[in-house]
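Visitor: just to be clear, the model below is a prediction. Sequence and coordinates:
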Amino acid sequence: MSASTLAAPQAPAPLPWRTEARTIGLVGLAHGTSHFFHLLLPPLFPALIVEFGLSYSVLGLLVTVFFVVSGIGQAVSGFVVDRIGARPVLYAALGCFVVAALVAASAQGWATLMLAAALAGLGNSPFHPVDFTILNRRVSRPRLGHAFSVHGISGSLGWAAAPVVMIGLSALTGSWRWALVAAGGLALAVLLLLWWQRAALDDRAGHAAAAPAAPAAVAATAAGEHPLAFLRLATVWLCFAFFFWSTAALAAIQSFAAPALHKMYGLPIEATAFVVTGYMLFSAAGMALGGFLVARVARLDAVIAAALSLAALLMLLVASGALPGVVAALLAALAGLATGLAGPSRDMLIRQAAPPGATGRVYGTVYCGLDVGFALAAPVFGWLLDRGQAPGIFVGAALALALAVVSAGWVGLRLPRVPARAAA
């Protein structure tokens, strides 16, 4: 059967906006919390260097441990979510964050920090399978693009808040340990709120968003095939590659843009630390705009390519070293607007590539690219910085974004064209 003969099922009538908005908001809060815990330790790297005498290369391994554990756990958690549901997995993940923060706060050396990073990675692992399973099953299709936008915005805001909160609390209390205790309290508060509002997160009893028309190779995986049959789809692995490269660029900015700008342009380290916050705030704004684009364009891969190409160009300008320091910092932050614009289109592209009934497994596998990208890129960029190659942080980020554009374009070529109005 050809892809053109597969008709999309009729979407059920949407639930009241307030009902769906509650689900979208709660999922967004959970996602923002997970992104906050991505940066539980990196903002404290300067303090940890003083406390334990560690190098940036060694501290980069903490990021690697976090994302190796998260990546392995994410692939497994997708199957768990499809089997037992998303909600109990979400509660367990937030509990891991609480424990991880308290373990980090009590650290007396490298080994304890590694344990804390592993626990935080374990907590982070289920979030994308959980979040997208809940959203796809409880949010009606006309609002799904905006749901993905809010999901992305919340993640960017979690990233933006982490440096400000962790550095600010460290300065306020005079101890990085108390900042970590406060982070554990934040995760506990979110867990209690989600438990209180648990009815809005029940993916077993919600409104299922209608799936888009699928290519024949995708639809075939839904007809009694092995649970791992989706791994044969080239689009799944191309989406994985896209996440790997785009996240490698993000790892460069999150963990090393601040010290790189300090070394290249002589900007105060206290000021450059907030470039990451600016990048994430601009990214959130870009995702808000991107949510409207999803329902209005047929070529999602073209939106992704244009946005990420612009971000890569800005990175190369920063790497040139020819700009005034303040302008370079501003351009590095503005690149977040372009990457954010691509976010909702990215998530919708993955949804189009997912076989019916395999949402958790596909998102779990694809988003492993995010974890692998962070895990491998962080020590590489830390190595460059330790050897005085600060411009390499931004050149490497630009190269990674270019490779992400290639991957997204390839995905777009392998999926059937859906008119923008029909997709909406």
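Guide: Good, I have the coordinates. Numbers count the residues shown, from 1 in each chain.
Visitor: so V276 touches A252, yeah?
Guide: No - V276 lies out of contact with A252 (CB atoms under 8 Å); the separation is 10.9 Å. Yep, even glycine has a C-beta here, placed from its N, CA and C like the rest.
Visitor: now T247. Nearest residue, chain neighbours left out?
Guide: G373 (3.1 Å; CB to CB, 6 or more residues apart in numbering).
Visitor: what's the helix or strand for the one you found?
Guide: Per DSSP states H and E: G373 is located in helix 368-386.
Visitor: tell me the buried residues in that helix?
Guide: By neighbour count on 16 or more other CB atoms under 10 Å, the buried set for helix 368-386 is 368-382, 384-385.
Visitor: now A105: how far from G388?
Guide: 33 Å (CB to CB, to the nearest Å).
Visitor: ok, the two, which is more surrounded?
Guide: Ranked by neighbour count (other CB atoms under 10 Å), A105 and G388 place A105 first, with 19 against 9.
Visitor: ok, the more buried one - contacts?
Guide: Contacts for A105 (CB atoms under 8 Å, 6 or more residues apart in numbering) come out as R177, W178, L180, V181, G184.
Visitor: closest one to T272 out of the residues you listed, please.
Guide: Nearest to T272, judged by CB to CB, of these is L180 at 22.6 Å.
Visitor: give me the neighbour count for that closest one.
Guide: 25.
Visitor: where does this structure have its least confident helix or strand?
Guide: The helix or strand of the chain with the lowest confidence, counting by mean pLDDT, DSSP states H and E, is helix 216-219 at a mean of 42.
Visitor: excluding its backbone neighbours, what's nearest G155?
Guide: Distance criterion CB to CB, 6+ apart; nearest residue to G155, sequence neighbours excluded, is H35 at 4.3 Å.
Visitor: which SSE is that neighbour in?
Guide: Using DSSP H and E, H35 sits in helix 17-38.
Visitor: could you look up the SS state of G78?
Guide: Classification of G78 using DSSP: H, G, I helix; E, B strand; the rest coil returns helix.
Visitor: what distance do you get for it to A93?
Guide: Separation of G78 from A93 (CB to CB): 13 Å.
Visitor: neighbour count for those two, which is higher?
Guide: For the pair G78 and A93, the greater number of neighbours falls to G78 (30 against 24), based on other CB under 10 Å.
Visitor: quick check, the more buried one in contact with P129.
Guide: Yes - contact status for G78 versus P129: in contact at 4.2 Å, counting by CB under 8 Å.
Visitor: per-residue confidence averaged over the helix holding G373?
Guide: Average pLDDT, helix 368-386: 81.
Visitor: moving C-terminal of that helix, what's the next helix or strand?
Guide: Counting by DSSP H and E, the next helix or strand C-terminal to helix 368-386 is helix 391-414.
Visitor: by how many degrees do that following helix and helix 368-386 diverge?
Guide: 160 degrees (axes from the mean of the first three to the mean of the last three CA atoms, to 10 degrees).
Visitor: same for helix 391-414, what does it pack against?
Guide: The contact analysis (3 or more CB pairs under 8 Å, 6 or more residues apart in numbering; DSSP states H and E) places helix 391-414 against helix 234-265, helix 300-319, helix 325-353, helix 368-386.
Visitor: now do the shortest one against helix 17-38, angle only.
Guide: What that stands for is helix 368-386. With the same axes, to 10 degrees defining the directions, helix 368-386 sits at 40 degrees from helix 17-38.
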